[in-house]
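*Asks:* next come a sequence and a model predicted from it.
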Amino acid sequence: MSCLFCKIIDGSIPSTAVYQDDQCYAFADIHPRAPVHVLVTPREHIASLGDAAEGHKKLLGHLLWAAAEVARKKELGKGYRVVVNNGAYGGQTVDHIHLHVLGGRPMSWPPG
């Protein structure tokens with residue numbers, strides 16, 4: 001498979017692991033937008049949130065839990081943001097669903 005994140009998940013492309021289990025892999029973003037910027041990806045290739053099927057409900061919930069676990073590991077108790085971009089207009093640049101965990105500084109609104 002030529003998916004960038006699939007290659008990161010299988011270890012073909014090196015990354016800095018932050019959290020992993022049998023359903024997901026979380027790693028440090030190489031172009032961080034905050035002092036803490038971690039991407040939480042499912043091990044299963046799903047192109048986008050819009051492509052998630054009814055059978056993915058438990059996995060999607062697990063990804064949110066994993067994002068919270070990343071925040072705990074990174075000691076983001078003062079607050080953090082979890083973002084899911086969907087499609088080109090939504091800012092998605094890699095066609096593999098992923099959650100951004102951003103923290104370590106105050107977040108402003110609107111985000112972009």
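*Replies:* Yep, that arrived.
*Asks:* any buried residues in the longest helix along the chain, and which?
*Replies:* The single longest helix within the chain, with elements called by DSSP state H, is helix 57-73. By neighbour count with 16 or more other Cβ atoms under 10 Å, helix 57-73 contains the buried residues Leu59, His62, Leu63, Ala66, Ala67, Glu69, Val70, Ala71. C-beta: built from backbone N, CA, C; applies to glycine.
*Asks:* which elements pack onto the lengthiest strand in the chain?
*Replies:* For the chain, the longest strand by residue count, based on DSSP state E, is strand 36-42. When contacts are defined as 3 or more Cβ pairs under 8 Å, 6 or more residues apart in numbering; DSSP states H and E, strand 36-42 sits against helix 4-9, strand 17-20, strand 24-28, helix 57-73, strand 99-103.
*Asks:* could you dump the second one to CSV, C-alpha only?
*Replies:* Backbone C-alpha positions of strand 17-20 (Å, rounded to 0.1, in the frame of the first residue of the first chain) are rendered in CSV as follows:
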residue,chain,number,x,y,z
ALA,A,17,5.7,6.5,18.9
VAL,A,18,3.7,8.1,21.7
TYR,A,19,1.0,5.4,22.2
GLN,A,20,0.1,2.2,20.5
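*Asks:* sorry, back to before: tell me which residues are up against the longest helix of the chain.
*Replies:* Outside of helix 57-73, the residues within contact range by Cβ atoms under 8 Å, 6 or more residues apart in numbering are 18-19, 21, 23-24, 26, 38, 40, 42, 44, 49, 52, 80, 82, 97, 99, 101, 103.
*Asks:* which helix or which strand is home to Thr93?
*Replies:* In this structure, Thr93 is located outside every helix and strand according to DSSP states H and E.
*Asks:* one step back: the longest strand of the chain: partners in the sheet, and parallel or antiparallel?
*Replies:* Taking DSSP bridges as the criterion, strand 36-42 forms sheet pairs with strand 24-28 (antiparallel), strand 99-103 (antiparallel).
*Asks:* which parts of that strand are buried?
*Replies:* By neighbour count on 16+ other Cβ under 10 Å, the buried set for strand 36-42 is Val36, His37, Val38, Leu39, Val40, Thr41, Pro42.
*Asks:* grab the nearest non-local neighbour of the second one.
*Replies:* Counting by Cβ to Cβ, 6 or more residues apart in numbering, the nearest residue to His37 once its immediate chain neighbours are dropped is Asp29, at 4.1 Å.
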